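Visitor: dropping a prediction and its sequence here:
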Amino acid sequence: MYTADSGIVGDLYRRPASGAGEPELLVRSPLPKHANSWSPDRRYLIYDKHHPTRRQDLLLLALDGERKSRPLLVTNADETLAYFSPDGRWIVYSSDESGRAEIYVRDFAPESTPAFGAQKWTISQKGGDKPRWSADGREIYYIGPEGMMMAVLIDNRAGMFKPGGAIALFQTNTNGYVPYDVTPDGRFLINTAPDTTTQQSIPVTVLVNWQSRLLR
């Protein structure tokens with residue numbers, strides 16, 4: 001999945017990671033767009049669309065049938081970076097509906113329009129951006145307002161969703177729209193902004209066994 005700059009700016013295409021075959025056009029419109037995430041069953045794609053007046057909204061594209069997009073979250077706030085949980089039941093995203101960017105989770109209701117249920121949780125504390133799920137769906141990570149990587153434990157037993165408190169993991173200096181990812185074994189891959197005050201190279205740091213910090 002990628003956004004192409006040719007044609008209409010920000011059209012969304014799909015192509016195998018091998019590079020084989022021709023790109024398949026998924027979404028075309030006059031407004032810039034960013035692909036956010038696939039549902040685990042690959043039936044749905046969340047993407048955000050930029051509006052001059054409403055900033056970014058979240059839309060849902062069904063990959064079967066007529067492939068029509070429909071609203072997921074369309075408000076006057078700025079909503080972006082929405083990710084399905086590994087089991088496909090929940091969606092985490094960033095919104096500034098409170099006046100500053102915070103992290104929220106909603107239950108996914110694909111048969112509804114908008115495709116959210118009635119449940120909603122605020123995950124971050126005192127601001128947050130760039131959310132991600134752990135591979136098992138039991139943690140949500142986000143970057144706090146001072147660049148601190150945060151983690152929130154999730155109790156998802158028996159189909160429930162119960163977030164814990166946010167815990168600081170380590171300081172970041174990230175760069176880019178999607179500046180980091182988390183591997184299935186819990187390691188972080190982070191795009192770090194260069195230090196323009198020195199000519200020294202920036203080391204790549206891999207944090208392992210970070211889960212032990214959550215138990216303190």
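Guide: Ah, there it is.
Visitor: make it CA atoms for all contacts and neighbour counts henceforth
Guide: Fine.
Visitor: may I see the buried residues of the longest strand along the chain?
Guide: If you go by DSSP state E, the chain has its longest strand at strand 162-171. Counting neighbours by 16 or more other Cα atoms under 10 Å, one finds that the buried residues in strand 162-171 are 163, 166-169.
Visitor: got it, and stretch 178-189?
Guide: So stretch 178-189, judged by 16+ other Cα under 10 Å, has buried residues 180-181, 186, 188.
Visitor: quick check: the farthest pair among those residues?
Guide: Pairwise distances across the buried residues of stretch 178-189 peak at 12.3 Å for Tyr180 and Gly186 (criterion: Cα to Cα).
Visitor: that older thread, export the buried residues of stretch 178-189 to JSON lines and tack on pLDDT and distance to Leu63?
Guide: Formatted as JSON lines, the buried residues of stretch 178-189 follow (pLDDT from 0 to 100; distance: Cα to Cα, whole Å):
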{"residue": "Tyr180", "pLDDT": "95", "distance to Leu63": "27"}
{"residue": "Asp181", "pLDDT": "94", "distance to Leu63": "25"}
{"residue": "Gly186", "pLDDT": "91", "distance to Leu63": "30"}
{"residue": "Phe188", "pLDDT": "95", "distance to Leu63": "30"}
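Visitor: closest to Arg67 among these?
Guide: So of those, ranked by how close each gets to Arg67 (Cα to Cα), first place is Asp181, at 28.4 Å.
Visitor: in contact with the closest one, which residues are there?
Guide: Listed by Cα atoms under 8 Å, 6 or more residues apart in numbering, the contact set of Asp181 reads 132, 188-190.
Visitor: Val208 touches Thr183, doesn't it?
Guide: No - using Cα atoms under 8 Å as the test, Val208 is too far from Thr183 to be in contact (11.1 Å).
Visitor: re earlier: among the contacts of Asp181, which are in strands?
Guide: Per DSSP E, those map to strands at 132, 188-190.
Visitor: what's the closest of those to Asp11?
Guide: Arg132 (23.9 Å).
Visitor: spatially nearest residue to Pro179 (excluding sequence neighbours)?
Guide: Asn191 (5.1 Å; Cα to Cα, 6 or more residues apart in numbering).
Visitor: for the strand or helix carrying Leu61, give me every contacting residue.
Guide: Assessed by DSSP states H and E, Leu61 sits inside strand 55-62. Contact partners of strand 55-62, identified using Cα under 8 Å, 6+ apart, comprise 43-51, 67-80, 82, 115.
Visitor: for Phe116, see how far away the nearest residue to Ser69 once chain neighbours are set aside is.
Guide: The shortest distance from Ser69 to any non-neighbouring residue, by Cα to Cα, 6+ apart, is to Leu61 (4.4 Å). According to Cα to Cα, to the nearest Å, Leu61 and Phe116 sit 14 Å apart.
Visitor: tell me how far stretch 34-47 lies from the chain's centre.
Guide: 10 Å (Cα atoms, centre = their mean, to the nearest Å).
Visitor: all set, thanks.
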